[in-house]
Each structure stands twice: as C-alpha cells, then as structure tokens.
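Undergrad: show me the folded form of this:
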Amino acid sequence: MTDRIDLLKKVPVLLYHHIQPGGFNTVNPILFERHISYLKEQGYTGVTFRQILFDSNLPDKPVVITFDDGYEAVYRFALPILEKAGFKAVIFMLAGYVGEKNSWDLSLEPRSIRHLNEQELTDLSLKGWEIASHTMSHRPLIALSKEELKREVEKSCERLEDILKSKPIGFAFPFGCHNAEVRKAVEQAGYLYACGALKRHQLPESEFQLVRIPVYRFDSVFAIRRKLLYPEIPRLEYYKLKMVSYLSRLTPVYQTLFKRSRLKDKGNE
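TA: Predicted structure coming up:
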C-alpha cells in the first residue's frame, strides 16, 4: 500500500466543475472533448483514485479527471466524451444536494443548475466512475465548530454510502481550505485520501493534501500541456489560476449573509 500511496501523490489530477455550453465557471463540451482527445493522443488514460490504490493493472500514464460538486451536466455532456476515450473519472459529490438545485452557491451562471440525482450517481458508479465526498453543504470546514465539522465529514459519507451501497474512500475540501484539525477529522472518518488546494509544486506532503490543477473555460489544449508539467507547473500558469480562484471566495461571503440557516440544515440531514 505504501507504493500505491506514493503513486497516488504523483499522478496528475485535473479539476473541472461544469461541462456545458455557456456560463462563466464552465468548460464547453467541444473544448472539453479537445482536452480529452489531447490527453489520449499523449498516451494518458483517465483513471480513478480508487484504481490507483487497488487496481493491479494500471495504465502506463494515468491521469485523474475530477469534477467538483456533482452537477447533472457532467452526466449529460462529459460522460459520453469520456466513455468514447475509454476514460473513467471522479465526482466529488455535494451529498446534501443530491438531485437539487445549486442554491448554496453564488452562481454566475444564467440559471440554477441541478446536481446529480441518485439514479445518475448509481449509473456512474456502475460504469466504473468513483463517487467521493465533498461534504454536505459546501461550507469552508476551517470555519466550523468541531460538531459541525464532524457532521459535514461523516454525514456526507453515510449519505453516499446509502445511495451507492459502497463507502466512499475519497474527500475534497470545499474551497481547498483545510488545516490539521480538518485533515484529522477526514482521516478518522475512514477516508483514505483527500484533495486540497492548488499548489505550484505538485508533490503533496501526504495523501490527505493531494494537489489538483483547475481547468477553466479559457484553457486551450496548450494550457492543458502546461498544467501537466511535473513537479511544478509554470509560474505564469500558476498565478493565472490563483487569480481566477480568488472569485470562489465570494461564495462563503454569500453563504454567511444569505444562506446560513439553510446550509446548517443540510449539514444536519
């Protein structure tokens, strides 16, 4: 297992959110297909974290394609493209919003967007995709009490296990925010790995601080090539991504001002 943990920390990981035409924080399906075609041409194969840890027949050049929050558009647009390429992927699912609109988010999209429902999650799992946890309500965990933190980490695991009949082994920190206390709570809940924030140097200190590289709607195939450079992505690429990621800081402000009671209810479900 030690060798697999070492490999887990070295495999490149790309982070997407929405895959759909239009919108701000989206990647158009046409562009997404170009990204995947490029990866395949370069000899990469899309795998899951679970495969890296437990599959005895890993491809020579694995890459992990991840999607945060678990939007329905991933099922509608990304799944056919990835299936055509023979890739599998990982969904970090917001367990408190299964089948619901994204009311937790300060959305810059033209309309509310639905999260994956139970049937879609089950179908993805049966196709070999990995469904992992992204908490219940997408609040920054470092700002929560110990009791709230425990609920967000453990209830999301229980909810997904109830749907999929299999316990999730992975976790992604909302907004990439974590500290020693948060990481300990995730590990004690039985998760085997966790994904944190963007870093220029991609080799993490532990399997509970895995690094992912975000992909945005303006990222060309050339940008994908830069993102895959190891162990450090180019400085210009890194600062570009950091500037865009600052926009995500508006969501916790929105949650605090307008959605606090609703989010607490989701964490308690």
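
Undergrad: state the pLDDT value of the residue lying closest to residue 50 once chain neighbours are set aside.
TA: Counting by Cβ to Cβ, 6 or more residues apart in numbering, residue 130 is the residue found nearest to residue 50 once chain neighbours are left out, at 4.9 Å. (C-beta placed from N, C-alpha, C; glycine too.) Per-residue pLDDT puts residue 130 at 98.

Undergrad: for burial, what's the neighbour tally of residue 130?
TA: Other residues near residue 130 number 22, with proximity taken as other Cβ atoms under 10 Å.

Undergrad: pretty sure it sits against residue 88.
TA: Yes - distance between residue 130 and residue 88: 7.4 Å, which falls inside the contact criterion (Cβ atoms under 8 Å).

Undergrad: which neighbours do those two share?
TA: The overlap between the contact sets of residue 130 and residue 88 (Cβ atoms under 8 Å, 6 or more residues apart in numbering) consists of 48, 51.

Undergrad: can you report phi and psi for the closest residue to residue 225 other than its chain neighbours?
TA: Of all residues beyond its chain neighbours, the one nearest residue 225 is residue 38 (7.5 Å), with distances taken as Cβ to Cβ, 6+ apart. Comment: the main-chain dihedrals of residue 38 come out as phi -60, psi -50, following degrees, to the nearest 10.

Undergrad: what's the local residue count around residue 38?
TA: The criterion is other Cβ under 10 Å. On that basis, residue 38 has 16 neighbouring residues.

Undergrad: surely it and residue 221 touch.
TA: Yes - Residue 38 is in contact with residue 221 according to Cβ under 8 Å; the separation is 4.6 Å.

Undergrad: from residue 46, how far off is the residue nearest to residue 225?
TA: As defined by Cβ to Cβ, to the nearest Å, residue 38 lies at a distance of 12 Å from residue 46.

Undergrad: do the same with residue 165
TA: When Cβ to Cβ is applied, the distance between residue 165 and residue 46 equals 24 Å.

Undergrad: more crowded one of those two?
TA: The neighbour count for residue 165 versus residue 46, taken as other Cβ under 10 Å, is higher for residue 46 (22 against 9).

Undergrad: tell me the strands beside the helix or strand where the more buried one lies, with direction?
TA: Remark: residue 46 resides in strand 45-47, with elements defined by DSSP states H and E. Neighbouring strands of strand 45-47 in its sheet, by DSSP bridges, are strand 62-69 (parallel).

Undergrad: distance from the chain centre to the partner strand, please.
TA: Distance, stretch centre to chain centre, for strand 62-69: 6 Å (Cα atoms, centre = their mean, to the nearest Å).

Undergrad: and what about residue 15, helix, strand or coil?
TA: The local conformation at residue 15, judged by DSSP: H, G, I helix; E, B strand; the rest coil, is strand.

Undergrad: actually residue 168, not the one I typed
TA: Relying on three-state DSSP, one would call residue 168 coil.

Undergrad: surely it touches residue 162?
TA: No - Residue 168 sits out of contact with residue 162 when judged by Cβ under 8 Å, with a separation of 11.0 Å.

Undergrad: these two: which has the busier surroundings?
TA: Set side by side, residue 168 and residue 162 show more neighbours around residue 168, with 28 against 10, by other Cβ under 10 Å.

Undergrad: dihedrals phi and psi, the more buried one?
TA: When read as degrees, to the nearest 10, the backbone of residue 168 gives phi -70, psi 150.

Undergrad: show the end-to-end separation of stretch 135-152, please.
TA: According to Cα to Cα, to the nearest Å, stretch 135-152 extends 5 Å from its N-terminal end residue to its C-terminal end residue.
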